[in-house]
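Trainee: My questions concern the predicted model and sequence given below.
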Amino acid sequence: MALLEVNELAVTFNTPKGPVYAVSDVSFAVDKGQALGIVGESGSGKSVTVKSLMGLLPRTAKIDGSAQYEDVDVFNMSKDRRKHFYGVDIAMVFQNPMTSLNPVKRIGEQLMEGMRFHRGLSRDAAKSRAIELLDLVRIPDPTKRLSQYPHELSGGMRQRVVIAMALANDPALLIADEPTTALDVTVQRDILDLLDSLRRELDMALILITHDLGVVRDRTDSIAVMYGGRVMETATTEEVFADTEHPYTQALQRAIPDMSMPRGTRLDPIPGSPPDLAITPVSCPFAPRCTFATDECRTSIPPLSAVPGSETHRYACFHPQGLVAAASTVGGEA
Amino acid sequence: MVGVGTRSLRPEDAEALIRVENLVMEFPGPRGAVLQAVSDVSFDVLEGETLGIVGESGCGKSTTAKAVIQMPRPTSGSVVYRDADLTSMDKETLRSKRTDLQMIFQDPISALNPRRSVWDIISEGVEIWGTHGAWTDARLVELIESVGIDPQYKDRKPFQFSGGQCQRISIARALALDPRVLICDEPVSALDVSVQAQILNLLDDLKTEHDLTMLFISHDLAVVRNVSDRVMVMYLGRVAEVGDADSIFDNPIHPYTQALLAAIPGSGVVDDGSLSGELPSPLDPPTGCRFHTRCAYATEVCTTTVPEFEQFGPDHWVACHNPQGTPVTL
Ligand SMILES: Nc1ncnc2c1ncn2[C@@H]1O[C@H](COP(=O)(O)OP(=O)(O)OP(=O)(O)O)[C@@H](O)[C@H]1O
Ligand SMILES: Nc1ncnc2c1ncn2[C@@H]1O[C@H](COP(=O)(O)OP(=O)(O)O)[C@@H](O)[C@H]1O
Ligand code: SF4
Ligand code: SF4
Ligand SMILES: [Mg+2]
Ligand SMILES: [Mg+2]
């Protein structure tokens, strides 16, 4: 059974210039202990999607659809449940570790603060738990680090501290929003591998948000590719790579250099820029940048359709590439 | 001998544009401890070459790059640019050299002054550094165009641009100073993949056009492979392996490089799991080879003696007591 199930989520922001359709018709589920990757470029609605779950959207946001976490209706929780929900059932790691860390407070104090608030631990108990957590996120010399300030750590180390903070209360679901994309955060692989192994060690579910398909390839069970606030393709990770249907998923794959490419290989950027979400959507959001776009794509929104024979693989496209290729090799109609 | 040595440096007559020898950078740690961020690193970069620097978080990549431009000045060691040692240069002379060495950073938006227009940001350096003589307004417009920004937006401020566009503006600002060396510290890590490809292609074009020498830091080995002539693999403040990029990526010899490459799809290297251990602290780095606490091939000597560079190909240097390949004598 799914730990978290999101159905037909839509988020619209009311702005002075009119509505912004940030997220439309987004559905996905995460099972206990499983990892879901949400992939898409900047502005595709990834953060808004998870912020809606975390109750972090401003008042100007109008949320439609539902989100069910075990027996909790996330968008209609009681105040009491809410207090013990965030940081306890679901915790989140943000893009920029510096926004989650107080620059003028020692690492130790910051770690202990959250624990003492949520669990009422004594100072000593909180301290030993803090050391345990820093150790868990593979920070060497945890005792020494407690007395350091965030600026004394490298970017990667800071993000480890932020992850340690998120793990303080043993969440069943951790949401990591581009945990390796921000300022001075490097060595993605370290942090991502850390999240991956922590998920296994702690039997925790993970939603990993990234703009890089390569990042989720070996670390997730399923993937949702977003563009223009919508889900373009969703499937098990294996299906996404073995049988890519959506042209946007394909373009994302081609834009990244690969170790097997000889040096100096020219890359294949996706031309143009993402859609303006202030316009009422009437077409496939990817149409202006898509090589396969036809009139149909420019005048109607492709619905999420199932790949025949798969329970898990869905795509929103009028010209699914894998199916088109398969049809042409067996001599079927294009 | 305390370090991995300077054997990887090319002969004097190879005329390195940058020659760094025995670079050490230490920072004060808590309670009187010393944080050894960079310990005895030597490398050179020939004119027109791109040196990629890779390694885990905190291994000293950024510190090394910043020490090259003397920000801050290293604890010891020398950084020779052309024929002058920047480490012993007084402030004024250094200032006059610094336009030659420009750096672009990971976070393009916060690297730009939010209150100034694109035009001011790009022409500011030209005025401050007094290189304006060569830069007519028309040439600056051309420069803005050449990085892919429409000059009609030159009066806009950074927040009105996307991350990728801000990185283009940072690049234009650096190029306006007519640098010889461009140091890129994770220049595409904060950008969307679709935009990364645009910036990497742009850097490639500009490198040829402006005849640039580059230091290119990235945690993304595929990106480094795409741009680098040579690579330097760092571990905990030291160099593990350095040399020709193809030679190192196709035939990694150092156990650490092998472990780094192993997890990457398409690299063809098999993982022996040696990276699973804990990353030691630079406050108290392991004795001998600093990798010995995590290395699958470590032996007694590794715990006591710092390995020296040995040669494994025409341009392939490895500091390891138990290299996973056969040394050559050339
Ligand atoms: N100003 C400083 N004061 C104290 N320690 C510092 C300072 N700057 C860097 N360090 C330390 O020096 C070491 C090397 O840091 P550096 O930023 O060079 O790493 P990096 O390889 O660039 O890492 P990342 O990939 O995370 O950017 C780290 O242990 C870091 O905490
Ligand atoms: N508070 C807000 N008011 C208006 N629009 C917003 C707000 N927050 C986000 N948006 C818009 O919603 C869209 C999706 O944003 P986001 O979810 O942050 O994208 P990403 O996929 O990069 O995380 C973007 O067009 C963004 O500008
Ligand atoms: S629906 Fe049309 S425009 Fe959209 S991705 Fe598919 S082919 Fe391209
Ligand atoms: S074999 Fe020894 S010297 Fe070589 S990397 Fe391993 S620990 Fe270091
Ligand atoms: Mg986001
Ligand atoms: Mg760095």
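Mentor: Perfect, thanks for sending it. Ligands and ions are numbered 1, 2, ... in the order given.
Trainee: In a helix, A:Val231, correct?
Mentor: No: under DSSP: H, G, I helix; E, B strand; the rest coil, A:Val231 sits outside any helix and is assigned strand.
Trainee: Report the secondary structure state of the residue nearest in space to the middle of chain A.
Mentor: Geometric centre of chain A, nearest residue: A:Ile209, 2.1 Å, by Cα atoms, centre = their mean. What three-state DSSP gives for A:Ile209 is strand.
Trainee: helices and strands of the chain: which one bottoms out on pLDDT?
Mentor: Picked chain A for this. Ranked by mean pLDDT, DSSP states H and E, the weakest helix or strand in chain A is helix A:97-100, scoring a mean of 72.
Trainee: The chain in question should be chain B.
Mentor: helix B:118-128 (a mean of 82).
Trainee: Contacts for stretch B:26-41 next, please.
Mentor: Here stretch B:26-41 makes contact (Cβ atoms under 8 Å, 6 or more residues apart in numbering or on different chains) with A:144, A:147-148, A:152, B:2-4, B:20, B:22-25, B:60, B:63-64, B:67, B:74-75, B:77, B:234, B:237-239, B:282-285. In short, each C-beta sits where N, CA and C put it, glycine included.
Trainee: follow-up on the earlier one: list the contacts of the residue nearest to the centre of chain A.
Mentor: A:37-39, A:46-47, A:50, A:175-178.
Trainee: same thing but at 6 Å, please
Mentor: Residues near A:Ile209 by Cβ atoms under 6 Å, 6 or more residues apart in numbering or on different chains: A:38, A:46, A:177-178.
Trainee: Quickly name whichever of those residues is closest to A:Ile279.
Mentor: The nearest member of those to A:Ile279, counting by Cβ to Cβ, is A:Lys46 at 19.9 Å.
Trainee: Next, give phi and psi for the residue in the stretch 101-250 of chain A that ligand 3 sits nearest to.
Mentor: In the stretch 101-250 of chain A, the residue that lies nearest ligand 3 is A:Pro247 (4.3 Å; Cβ to the nearest ligand atom). Dihedral angles of A:Pro247 (phi, psi; degrees, to the nearest 10) stand at phi -60, psi -30.
Trainee: how close does the residue of the stretch 201-334 of chain A found nearest ligand 1 get to A:Leu195?
Mentor: Ligand 1 sits closest to A:Val215 of the stretch 201-334 of chain A, with a gap of 16.0 Å, by Cβ to the nearest ligand atom. Counting by Cβ to Cβ, to the nearest Å, the gap from A:Val215 to A:Leu195 is 10 Å.
Trainee: cool, B:Val181 as well?
Mentor: 36 Å.
Trainee: what's the neighbour count on A:Asp193?
Mentor: Applying other Cβ atoms under 10 Å in any protein chain shown, we find 17 residues neighbouring A:Asp193.
Trainee: go on, B:Ala296?
Mentor: With other Cβ under 10 Å as criterion, B:Ala296 counts 16.
Trainee: still on that earlier bit, looking at B:Val181 and A:Leu195 now, which is surrounded by more residues?
Mentor: The neighbour comparison of B:Val181 against A:Leu195 (other Cβ under 10 Å) goes to A:Leu195, with 24 against 19.
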